[in-house]
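> Quick one, fold the following:
(3 chains)
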Amino acid sequence: MLLIDLARTSAAVAADSARLVKIRHLAELLARVGPDEAEIAIAYLSGELPQRQLGVGFASLRDLPEPRLAATATLSRVDDLLSRIRTQSGPGSQAARKALLEELFASLTRPEQTFLSRLIRGELRQGALDGVMIEAVAKASGAPAAEVRRALMLRGWLPAVGAAALSGGVEALRAFRLEVGRPVSPMLAQSAPSVAAALERVGGRAALEWKLDGVRVQAHRSGETVSVFTRALEDITAQVPELVEVVRALPVADLVLDGEVIALRPDGRPEPFQITSGRVASRTDVARARLSTPLSVFFFDALRVDGADLLDLPDETRHAELARAVPPELITPRLVTGDVARGEEFFKEVVGRGHEGVVVKSPDSPYAAGRRGAGWIKVKPRHTLDLVVLAAEWGSGRREGRLSNLHLGARDPSGGGFVMLGKTFKGLTDELLAWQTERFLELAEGPVDGWTVRVRPELVVEIAFDGVQRSGRYPGGMALRFARVIRYRPDKTPDQADTVETVRSLMI
DNA sequence: TTCCGACAGTGGGGTCGCAAT
DNA sequence: ATTGCGACCCCACTATCGGAA
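Here you go, the predicted structure:
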């Protein structure tokens, strides 16, 4: 199949906002693709690359060669060149990568270049990724979407699942099983503003667990072989030796466990997320990193214990199996209750210990990948500040032509100015975007045709955030984590905004 | 007819490793 | 030694479609 066929399908998918139409376009293409190119087609049209990463990003794609007029590139040839790009390493590899990229793009027409460039940058913007592709695979293969979804959870890679469905139908999908050593797509949580709201959504009795601010891990053990994967299914076994040792020492030799690793201080309080994250990412001298920053692990779910797959069993049963296989000090603290007051007390205690919040779990829900259903709901405390807008950046995509990303500052009583604490684009409705674009242009100081528009610091905006972290990027040495807009405060003037001292007092 | 679950899009801060400067 | 880039860790929120109620 030719790349131009995919580029045209992608354009058609992007052109119609109706999901059913997108699914029809995608399914029609899948019906035409041959078995040897099915994985590539499914990957590209769901925004993925079979190589997963190339070492090529936005900067490497800035200037493309002149396009060709005739479309001749096949999926296999493109895939082949991308594989060669990916495998370049060592001195001279950037030049080699650039040359191969030139060769590839010089063989493409304009629409193919556009499609591939967006795909590599991870900005397909056709309104269809995994979720829509699952439906398209179901339609093209005749298998129920639920079977495709389940196989995807077990295999973790839609192109492989989709190709199997196209060639072997529902039987091929049912052949995907939980395999020790191969990561499963993890179950994710929705969020709620309060424990009471979460309990109501779950419907009465629920399990509340500590939410630790670390890195999600899935640990597999078969005999003496242990592997560890992240939420995105990256293999980090070599980076977390203490976790490997812990799992190897358990009395059960056949296991798949779900949990969180976190760096704790000697007093048991958590290190800032940056410390845990940096430790888990360290690959060069793990032995030394482990001495200075040891990791602790807390498990909260068991997907397999001693030969039994537990995915379809209710949370309560899985947790009982977890408790059978793992000693209590390695299990995330948990309270089962239907009582709102007791739940809130638990939440307060967890936050008082310096942790992130709680996860409220329905005792009946099976293990289901993604955010599907409301089996798990996280609750975190929310802080707010009144800050001043210092500048805004022009948006992209559906925010093109709108001033979108806000630069936020706290008042500096000593200097009389404002200290930038970070940016946010979250929480803005279309109406608010339109309003602030107009307002910022009135307040503009300096040029408005660049990337960033500076504005007179007159607007106060209420910002919610999860915490204040150390920053080497901003002048105050601190930045807000997960900042989002709650509302503008027309009733407040900038001299009533919160100060840097207030913010500093919130830093961990 | 209205409601709500699922999905895609739009970006945020921080860290590490690697190659180039 | 420093810088730029890519990949990945954590992630919140709104708009929209279409099936459920």
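> OK, contacts around the closest residue to DNA strand B within the stretch 251-400 of chain A?
For the stretch 251-400 of chain A and DNA strand B, the shortest gap (CB to the nearest atom of the strand) falls at A:Gly397, measuring 1.7 Å. Any C-beta I mention is one placed from the backbone N, CA and C, and that applies to glycine too. Contact analysis of A:Gly397 by CB atoms under 8 Å, 6 or more residues apart in numbering lists A:Glu123, A:Arg125.
> Can you classify the residue of the stretch 1-150 of chain A found nearest DNA strand C by secondary structure?
For the stretch 1-150 of chain A, the residue closest to DNA strand C is A:Gly57, as judged by CB to the nearest atom of the strand, at 2.7 Å. Following DSSP: H, G, I helix; E, B strand; the rest coil, the label given to A:Gly57 is coil.
> same question, A:Arg454
Classified using three-state DSSP, A:Arg454 is strand.
> what's across from it in the sheet?
Beta-bridge pairing for A:Arg454 (DSSP bridges): A:Ala391.
> Now do it against DNA strand B, distance only.
15 Å (CB to the nearest atom of the strand, to the nearest Å).
> likewise A:Leu403?
On the measure of CB to the nearest atom of the strand, A:Leu403 and DNA strand B end up 9 Å apart.
> Let me know the pLDDT of the residue of the stretch 251-400 of chain A closest to DNA strand B.
A:Gly397 is assigned a pLDDT of 95 by the prediction.
> Same check on A:Thr284?
The pLDDT attached to A:Thr284 in the predicted structure is 95.
> For it, give me its contacts.
Contacts of A:Thr284 (CB under 8 Å, 6+ apart): none.
> Can I take it that it is in a helix?
No - A:Thr284 is assigned coil when assessed by three-state DSSP, not a helix.
> Who are the contact partners of the residue of the stretch 1-150 of chain A closest to DNA strand C?
Applying CB under 8 Å, 6+ apart, the residues contacting A:Gly57 are A:Ile120, A:Arg121.
> redo that, cut-off 10 Å
By CB atoms under 10 Å, 6 or more residues apart in numbering, the residues touching A:Gly57 are A:Ile120, A:Arg121, A:Gly122.
> my guess is the last one meets A:Leu61, correct?
No - judged on CB atoms under 10 Å, A:Gly122 makes no contact with A:Leu61 at a distance of 11.2 Å.
> Compare these two (neighbour count), which wins?
A:Leu61 (16 against 12; other CB atoms under 10 Å).
> what residues are up against the residue nearest to that one when sequence neighbours are not counted?
In space, A:Leu61 comes closest to A:Ser117 once its chain neighbours are excluded; the distance is 5.1 Å by CB to CB, 6 or more residues apart in numbering. Residues in contact with A:Ser117 (CB under 10 Å, 6+ apart) are A:Val56, A:Phe58, A:Leu61, A:Arg62, A:Leu64, A:Phe105, A:Leu108, A:Glu123.
> per-residue pLDDT, A:Ser117?
On the pLDDT scale, A:Ser117 gets 97.
> So the host helix or strand of it, near DNA strand C or not?
According to DSSP states H and E, A:Ser117 maps onto helix A:110-121. No - judged by CB under 7 Å from any atom of the strand, helix A:110-121 and DNA strand C are separated, with a smallest distance of 7.8 Å.
> Look up how far A:Ala263 lies from A:Ala238.
Between A:Ala238 and A:Ala263 the computed distance is 18 Å (CB to CB, to the nearest Å).
> neighbour count winner among these two?
Taking other CB under 10 Å, A:Ala238 and A:Ala263 do not tie; A:Ala263 has more neighbours (22 against 11).
> secondary structure element for that one?
Using DSSP H and E, A:Ala263 falls in strand A:254-263.
> So is the helix or strand that that strand is followed by next to DNA strand B?
Remark: after strand A:254-263, the chain's next helix or strand is helix A:273-281, criterion DSSP H and E. Yes - remark: helix A:273-281 sits within contact range of DNA strand B at A:Gln274, A:Ser277, A:Gly278, A:Ala281, by CB under 7 Å from any atom of the strand.
> Quick one: residues contacting the residue most central in space within chain A.
Per CA atoms, centre = their mean, the C-alpha nearest to the average position across chain A is that of A:Ala232, at 7.6 Å. A:Ala232 makes contact with A:Arg52, A:Gly156, A:Pro183, A:Ser185, A:Pro186, A:Arg216, according to CB under 10 Å, 6+ apart.
> Next: A:Leu243.
A:217, A:219, A:226, A:228, A:236-237, A:257, A:259, A:261, A:280, A:295-297.
> Format those residues as a markdown table; extra columns: distance to A:Ala99, pLDDT and neighbour count.
Converted to a markdown table, the contacts of A:Leu243 look like this (distance: CB to CB, whole Å; pLDDT from 0 to 100; neighbours: other CB atoms under 10 Å):
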| residue | distance to A:Ala99 | pLDDT | neighbour count |
| --- | --- | --- | --- |
| A:Val217 | 39 | 98 | 25 |
| A:Ala219 | 42 | 98 | 25 |
| A:Val226 | 41 | 98 | 22 |
| A:Val228 | 37 | 98 | 26 |
| A:Ile236 | 32 | 98 | 18 |
| A:Thr237 | 34 | 98 | 15 |
| A:Leu257 | 45 | 98 | 27 |
| A:Gly259 | 44 | 98 | 26 |
| A:Val261 | 41 | 98 | 25 |
| A:Val280 | 35 | 98 | 23 |
| A:Leu295 | 41 | 98 | 24 |
| A:Ser296 | 47 | 98 | 19 |
| A:Val297 | 45 | 98 | 22 |
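> Please go through those residues and note which also touch DNA strand C.
Within those, those near DNA strand C by CB under 7 Å from any atom of the strand are A:Ile236, A:Val280.
> buried stuff in the helix holding A:Ser117?
Neighbour-count burial for helix A:110-121, counted by 16 or more other CB atoms under 10 Å, picks out A:Pro111, A:Glu112, A:Gln113, A:Thr114, A:Phe115, A:Leu116, A:Ser117, A:Arg118, A:Leu119, A:Ile120.
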